[in-house]
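**Q** The amino acid sequence is not available; the structure is as follows:
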């Protein structure tokens, strides 16, 4: 049973299954080759399983953690059949994934944090602005008053895109001219949110990693001006990653974690790639909860991440 209950229903499950189809096919092709003709899980099976997981972009460190756990199960149970391997794999993979805090599982902000401020970070091209637009939609549908802040002022397209999303979703946006101080936009956004008694604030930020010192200074300045009005904000620093880039997404996560206090992840573009295994690598190695995954271009194709349902979809051959 999904821990998200009614928030993750049949429709969401179908969307997830379809979105992970490419990853699932590649994953199972590799796993089935490991198991075929074998009657027990021996060292040869484990070696082949290791190769299969790495081939599915799960990554070396995460793969080794999974293999070690399975080796422990083999030692404990003495005899383990390959027919049990899929089930054990599901269990061990689910254990690696970090759960989001209970009060952050859905699209209802904590009652004691109003407005609930989400600072969104990520490099250009990962689907950051689109993710913000889809989040705004989900939060609004859930009955929240939402305000967007266009603090990526170095890219005209970013402000334009966010403006289009604000109009499409029907939420307010705070923006200034291109080249304006991002922290000034953030300040005005929080001021507007407080005045309008808004529930949710989503602030877009510039996505440049080539100059980490500048990025860190900019993000710290944005945080400082936010905290002048809301001392405990931002409540969430959401890092958006492109799942189709595989291990590069993991490297980006590590770089952003080095310059800011990321406490939630959104992994996009999983529908167009067979590299969905990278979700496991990122969640395991970063020890940060994956809150959202993008599995399509439609407005409802950004899903709340449920590790139980995600692993189930990876291992479900027939739907």
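**A** Received the coordinates, thanks. Note that the coordinates shown come from a computational prediction; the quantities given were computed from them, not determined experimentally. Residues are numbered from 1 along each chain as shown.
**Q** For the rest of this, base every contact and every neighbour count on C-alpha atoms.
**A** Fine.
**Q** list the helices and strands the lowest-mean-pLDDT helix or strand in the chain packs on?
**A** Least confident element among the helices and strands of the chain, by mean pLDDT, DSSP states H and E: helix 21-35 (a mean of 76). Identification of packing neighbours for helix 21-35 by 3 or more Cα pairs under 8 Å, 6 or more residues apart in numbering; DSSP states H and E yields helix 43-55, helix 307-315.
**Q** can you list the ones you listed in a markdown table and add distance to residue 167, mean neighbour count and mean pLDDT?
**A** What follows is these, written out as a markdown table (distance: least, Cα to Cα, whole Å; neighbours: other Cα atoms under 10 Å; pLDDT from 0 to 100):
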| stretch | distance to residue 167 | mean neighbour count | mean pLDDT |
| --- | --- | --- | --- |
| helix 43-55 | 42 | 17 | 87 |
| helix 307-315 | 32 | 19 | 83 |
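**Q** Switch the ones you listed over to TSV; also include distance to residue 65.
**A** Listed next are the helices and strands packed on helix 21-35 as TSV, based on distance: least, Cα to Cα, whole Å:
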stretch	distance to residue 65
helix 43-55	10
helix 307-315	16
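**Q** mind checking which of those helices is nearest residue 174?
**A** helix 307-315 (34.6 Å; Cα to Cα).
**Q** That closest one versus helix 21-35: what angle between them?
**A** On the basis of axes from the mean of the first three to the mean of the last three Cα atoms, to 10 degrees, helix 307-315 is oriented at 70 degrees to helix 21-35.
**Q** ok, back up a step: now do the least confident helix or strand of the chain against helix 43-55, angle only.
**A** Using the same axes, to 10 degrees: helix 21-35 against helix 43-55 is 160 degrees.
**Q** got a list of contacts for helix 21-35?
**A** 45, 48-49, 52-53, 55-56, 82, 271-277, 313-315, 317 (Cα atoms under 8 Å, 6 or more residues apart in numbering).
**Q** could you redo the last one with a cut-off of 6 Å?
**A** Outside helix 21-35, the residues that touch it by Cα atoms under 6 Å, 6 or more residues apart in numbering are 48, 52, 56, 273-276, 314.
**Q** can you pull the contacts of the closest residue to residue 114 other than its chain neighbours?
**A** Closest residue to residue 114 apart from its sequence neighbours, by Cα to Cα, 6 or more residues apart in numbering: residue 199 at 5.5 Å. Residue 199 is in contact with 114-116, 144-145, counting by Cα under 6 Å, 6+ apart.
**Q** Please identify which of those residues is nearest to residue 70.
**A** Among these, and counting by Cα to Cα, the member closest to residue 70 is residue 116, at 41.1 Å.
**Q** in the sheet, who's paired with the residue nearest to that closest one when sequence neighbours are not counted?
**A** With sequence-adjacent residues excluded and distances taken as Cα to Cα, 6+ apart, residue 116 is closest to residue 200, at 4.9 Å. Taking DSSP bridges as the rule, residue 200 bridges to residue 116, residue 146.
**Q** Spit out the contact partners of residue 200.
**A** With contacts defined as Cα under 6 Å, 6+ apart, residue 200 is in contact with 115-116, 146.
**Q** Residue 66 versus residue 185, what's the distance?
**A** According to Cα to Cα, to the nearest Å, residue 185 and residue 66 sit 45 Å apart.
**Q** Can you point out the helix or strand that includes the residue most central in space within the chain?
**A** Centroid-nearest residue in the chain, with Cα atoms, centre = their mean: residue 266, separated by 2.2 Å. Assigned by DSSP states H and E, residue 266 belongs to strand 264-268.
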